[in-house]
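1. How does the following fold in three dimensions:
(chains A and B)
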Number of protein chains: 2
Amino acid sequence: MDADLDQALKRVTDELHDLYIPTGVGTVEKPVTPSQILSFYRKYVQKNIPVKITGCTDDWPAVTKWTDEYLSSKLEDTEVTVAITPNGLADAIFDGQFTLPFEKKVKFSELVTELNNPAEDRVLYLQQQNNSFNTEFPKLMDDIEPAPEWSSQVFGTDLDAVNFWMGDGRAITSLHKDPYENVYSVIRGSKTFTLYPPCDRLNLRYRYYPLSRYGEGGDLIPEDGSVPWIDIDQRDPLCGDNSNLHPVVVTVRAGETLYLPSYWFHHVTQTHSTIAINYWYDIDYGPAYGLFKMYDELARLKE
Amino acid sequence: MDADLDQALKRVTDELHDLYIPTGVGTVEKPVTPSQILSFYRKYVQKNIPVKITGCTDDWPAVTKWTDEYLSSKLEDTEVTVAITPNGLADAIFDGQFTLPFEKKVKFSELVTELNNPAEDRVLYLQQQNNSFNTEFPKLMDDIEPAPEWSSQVFGTDLDAVNFWMGDGRAITSLHKDPYENVYSVIRGSKTFTLYPPCDRLNLRYRYYPLSRYGEGGDLIPEDGSVPWIDIDQRDPLCGDNSNLHPVVVTVRAGETLYLPSYWFHHVTQTHSTIAINYWYDIDYGPAYGLFKMYDELARLKE
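-> Purely as a prediction, here's the structure:
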């Protein structure tokens, strides 16, 4: 039965790749008219397919204004929450453990100073995903669209969070997925996403790792509990047992926006001093969720 | 593993029923504006959810014109293809066989005469699904919309066929599914659909039945080959092994239209002398297909 099941699942995923799951990420212009909104929804959201979008940030003052000087003067002594690790690996597997970052409130100007004069033994990353833009950066509200009209129309669900990202080129976001529809706009620098389609859940194995948190000095301090996580060497994602995976690499540059659909796993790197804004929209549950839930349940049978 | 798999599948289908698969069929007005089109697509097509629609045929001359007298005079000696069976069961399981109807070209006026004076031992049904409206009824073209604007906008795929249905109240369409998005408008009488959601594929068993075709006299004549079909007693669809099914019954009356999504199984009955037009749109393959394909492959493991 196991071999039969594996063959059946391979027939499904092979056919879906033939029919509609892409091996690369295309680029489209921001949908504006009602027919463009419907077409975008049909081609990408309904199909759960990532795409790069141009033109979303063209009218944002942020695009020209957000130099270090402007941001430092505008934000001055505003305290922001920074994730600090000795190696850029926050919320990731390191040394057999799931490592949380040391989190610290620092003045924004101090963050900029350190990003421009990085210490060898610590990596700073503004990566809070708790609606951080609205809570910590209200002074920048006029520089972007707090709730873009096009994406509100496309998703038709609540905008759950707007997050501000800024950090060191050494900071890495380890492979994971979020329970949201994600719109990710890069303002400065570039981000490289390695995306894995939902069907790869069948071959991405979660294991439990003991929980640790970095202290201020960079030492790892064990915490209670353990975390199920995926550990893949992104330098060679298809090695060994992973040859069935379907990674898709896309670089999102300043001025570009990525629609990163729910259920897609992603690993992210960035150039130095990249700044990005991402929008999380609530999921509208339907067959795409059903298909992912099926992959997830079947994968668990093997774990 | 088998019991684990069954439990996993039950967790999936239970959750999907909780999240979005309905236990009844709602009613909406025909979508007209771009935002209504997008909303209809989001709520029903993307989610693969059936719904009744009002207002689709309000402007059709057919609604008032299509009396027997008008149709007979307009179509006169036009020959149309009629399915003839002794029991109303065309393309269905009878006596352990898959029975095809006797097919005959008759003058439309003869069909109307016999429908109004039915023979006890033969049932006539205009049920050709080969774009029959356009091929056999071009004289009625001005009485309906050959390609409704609203549904073309909603689906965004090719209109593959428009079919004309007219027949005896004893004629039954046995449980099956079509590889199309289906828009079904009733002009006269009413049709009652028993719908089964795609997840019921896990509990709907296909078996192979020897092929037979009715002769003109109502006798069954064996043909070469066999047909995989589902045989369920619709008088008691949840009996015995079928208790896991989720039938949803909906009656579509004159003036109403059913959006019958792809991958939904359906069994159909009708009142006497019902007339309907249905539109088949090509499927836009995405997660709804993926989920059905998964159900289908997993069901085959058990067959």
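2. what's in contact with the longest helix along chain A?
-> Longest helix in chain A, counting residues (DSSP state H): helix A:2-19. Residues outside helix A:2-19 that contact it (CB atoms under 8 Å, 6 or more residues apart in numbering or on different chains) are A:23, A:199, A:202, A:246, A:298, B:1, B:5, B:285, B:289-290, B:293-294, B:297-298, B:300-301. (Each C-beta comes from the backbone N, C-alpha and C, glycine too.)
3. Can you tell me who A:Ala276 pairs with across the strands?
-> When bridges are called by DSSP bridges, A:Ala276 pairs up with A:Trp165, A:Val186.
4. Show the buried residues in the contacts of helix A:2-19.
-> Buried by 16 or more other CB atoms under 10 Å in any protein chain shown: A:199, A:202, A:246, A:298, B:5, B:285, B:289-290, B:293-294, B:297-298, out of the contacts of helix A:2-19.
5. which regions of chain A sit below the pLDDT cut-off?
-> A:1 (pLDDT under 70).
6. before we move on, the earlier item: quickly check the contacts of helix A:2-19 for the two that are furthest apart.
-> Comparing all pairs in the contacts of helix A:2-19 by CB to CB, the longest separation belongs to A:Thr23 and B:Met1, at 32.2 Å.
7. Show me what from the stretch 101-250 of chain A comes close to chain B.
-> Residues of the stretch 101-250 of chain A lying close to chain B (CB under 8 Å from any CB of the partner chain) are A:153, A:156.
8. Which residue does the stretch 101-250 of chain A have closest to chain B?
-> Closest to chain B within the stretch 101-250 of chain A is A:Gly156: 5.7 Å, counting by CB to the nearest CB.
9. OK, now which residue of the stretch 1-150 of chain A is nearest to chain B?
-> Taking CB to the nearest CB, the stretch 1-150 of chain A has A:Pro34 as its residue nearest chain B, at 3.2 Å.
10. pretty sure that residue contacts B:Pro34?
-> Yes. Contact criterion CB atoms under 8 Å: A:Pro34 and B:Pro34 qualify, at 3.2 Å.
11. Alpha carbons of stretch A:101-119, as CSV, please.
-> Taking Å, rounded to 0.1, in the frame of the first residue of the first chain, the C-alpha atoms of stretch A:101-119 are listed here in CSV:
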residue,chain,number,x,y,z
PRO,A,101,17.0,35.6,18.3
PHE,A,102,17.8,37.9,21.1
GLU,A,103,15.2,40.6,20.8
LYS,A,104,16.0,44.1,21.9
LYS,A,105,14.5,47.6,21.6
VAL,A,106,17.1,50.0,20.1
LYS,A,107,16.9,53.5,18.8
PHE,A,108,16.4,53.4,15.0
SER,A,109,19.5,55.6,14.5
GLU,A,110,21.6,53.1,16.5
LEU,A,111,20.4,50.3,14.2
VAL,A,112,21.4,52.3,11.1
THR,A,113,24.8,53.1,12.6
GLU,A,114,25.4,49.4,13.3
LEU,A,115,24.1,48.2,9.9
ASN,A,116,26.6,50.6,8.3
ASN,A,117,29.4,49.4,10.7
PRO,A,118,28.5,45.8,11.3
ALA,A,119,30.1,43.9,14.1
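12. Okay, buried residues for that stretch please.
-> Under 16+ other CB under 10 Å, the buried positions of stretch A:101-119 are A:101-102, A:106, A:108-109, A:111-112, A:114-115.
13. and if you look at stretch A:76-87?
-> A:78, A:80, A:82-87.
14. Stretch A:191-202 now?
-> A:191, A:193-202.
15. okay if I get the buried residues of stretch A:76-87 as a markdown table plus distance to chain B?
-> Shown next, in a markdown table, are the buried residues of stretch A:76-87 (distance: CB to the nearest CB, whole Å):
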| residue | distance to chain B |
| --- | --- |
| A:Thr78 | 39 |
| A:Val80 | 37 |
| A:Val82 | 37 |
| A:Ala83 | 33 |
| A:Ile84 | 39 |
| A:Thr85 | 36 |
| A:Pro86 | 41 |
| A:Asn87 | 37 |
